[in-house]
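In: any chance you could fold what I've pasted below:
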Amino acid sequence: MKQLLLCFVTLLLTLSSCERTLDVQGQEEGSSTLLVHTRAVENDEKVSYPLTVYAMNPDGVCVRKKTLLSENDELAFMLEPMTYHIYAIGGATEGDYELPGMENATATSEITLAEGALHGDLMSYASEITVGTNETNTLNLSLSRKVFELKEVTIKNIPPSVDEVSLVLNPMYDKLLLNGSYGEETSEKAIPLTKQGESTWQLAEPLFLLPANGNPTINVKFRKGDAYISHTYSSPYAIEANKHILIEGNYTESEELQLTGAISGDTWNGTTVIKFNFNESGATAA
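Out: Alright, predicted model coming up:
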């Protein structure tokens with residue numbers, strides 16, 4: 001009876017310990033230990049979870065993959081002594097993104113956004129570390145934000161005859177890669193605005209987006225019935241990752257749309273202001 005009770009308690013303890021098991025791929029073998037700690041970018045204490053970490057050998061073969069769900073989880077790899085490439089992606093939640101598995105992960109694997117899903121606060125890390133024989137190594141992941149936040153868009157004094165207003169940015173990156181770079185493919189991103197009051201259209205809520213490839217064009221598009229009217233301005237400034245973007249426009253009586261935009265980063269990057277006017281004749285900097 002005592003032996004049966006002991007087996008039952010042991011089974012309960014085993015099941016309890018399994019509840020905290022993280023998503024780990026790769027046989028945990030090796031003479032050395034790699035401990036991984038997370039640290040966000042300077043002056044920004046936020047780390048985006050879940051955080052998925054990959055370890056690749058010198059041949060580019062992924063030998064370990066582990067996912068941390070929160071800052072309370074711990075990450076440790078048992079590894080053979082050699083130099084490893086370490087890649088990490090933060091903020092790619094299950095269901096919204098498809099991450100590469102350990103069996104097919106490479107440095108240039110795509111982080112794929114699911115159809116209909118919106119980007120999260122994506123962060124990444126990429127580096128190398130050499131693990132010695134029978135050593136315990138510690139690696140601090142200093143994560144970099146890979147998206148920008150379109151925080152506010154407000155277009156004022158829109159005529160009541162306008163049925164829809166949207167903002168179009170082009171060319172914008174389509175894919176983030178595992179090594180933190182962006183894929184070559186770009187496309188335009190159309191952002192619908194919502195009518196607020198009689199003549200004001202606004203962005204309903206902030207959006208995270210991958211940055212532009214170079215200096216983008218900013219297009220404001222109106223729909224009146226079946227007809228579309230659009231005005232495009234070539235920005236002299238880049239829309240970069242880790243920036244807050246604010247755009248404010250005012251449609252004047254002369255049917256000229258004046259837009260002012262502030263691209264502000266965290267305090268160490270300062271603020272860049274974009275101003276331009278445009279009408280049927282074209283667009284010019286204000």
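In: those strands in the stretch 151-286 of the chain, which residues are they?
Out: When assigned using DSSP state E, counting those that start in this stretch, the strands of the stretch 151-286 of the chain occupy the ranges 164-173, 176-177, 186-192, 194-196, 200-202, 207-209, 212-224, 227-234, 243-251, 257-265, 271-279, 282-285.
In: which stretch among the ones you listed approaches Glu80 most closely?
Out: Proximity to Glu80 (C-beta to C-beta) singles out strand 176-177 among those, at 26.4 Å. (C-beta placed from N, C-alpha, C; glycine too.)
In: which residues sit against that closest one?
Out: For strand 176-177, the external contacting residues (C-beta atoms under 8 Å, 6 or more residues apart in numbering) are 89, 107-111, 122, 124, 146, 182-183, 210.
In: do that again at 10 Å, thanks
Out: 87, 89, 92, 97, 100, 106-113, 119, 122, 124, 126, 146-147, 182-183, 210, 241 (C-beta atoms under 10 Å, 6 or more residues apart in numbering).
In: buried only: go through these for me.
Out: Neighbour counting by 16 or more other C-beta atoms under 10 Å classes 87, 89, 92, 97, 100, 106-107, 109-113, 119, 122, 124, 126, 146-147, 182, 210, 241 among those as buried.
In: what about the strands of the stretch 151-286 of the chain, which gets the closest to Glu74?
Out: Short answer: strand 176-177, nearest of these by C-beta to C-beta, at 26.0 Å.
In: could you check how far that closest one is from the centre of its chain?
Out: 9 Å (C-alpha atoms, centre = their mean, to the nearest Å).
In: Glu205 is in contact with Thr194, isn't it?
Out: Yes: if you go by C-beta atoms under 10 Å, Glu205 and Thr194 touch, sitting 9.3 Å apart.
In: return the helix or strand in the protein with minimum mean pLDDT.
Out: In the chain, no helix or strand scores lower on mean pLDDT, DSSP states H and E than helix 2-18, which sits at a mean of 35.
In: if we ignore the residues flanking it in sequence, what's nearest Asn157?
Out: Tyr251 (4.5 Å; C-beta to C-beta, 6 or more residues apart in numbering).
In: any idea how far the one you found lies from Gln196?
Out: 14 Å (C-beta to C-beta, to the nearest Å).
In: which one of these two has more residues nearby?
Out: More neighbours surround Tyr251 than the other of Tyr251 and Gln196, with 21 against 13 (other C-beta atoms under 10 Å).
In: for that one, list each beta-bridge partner.
Out: Leu257 (DSSP bridges).
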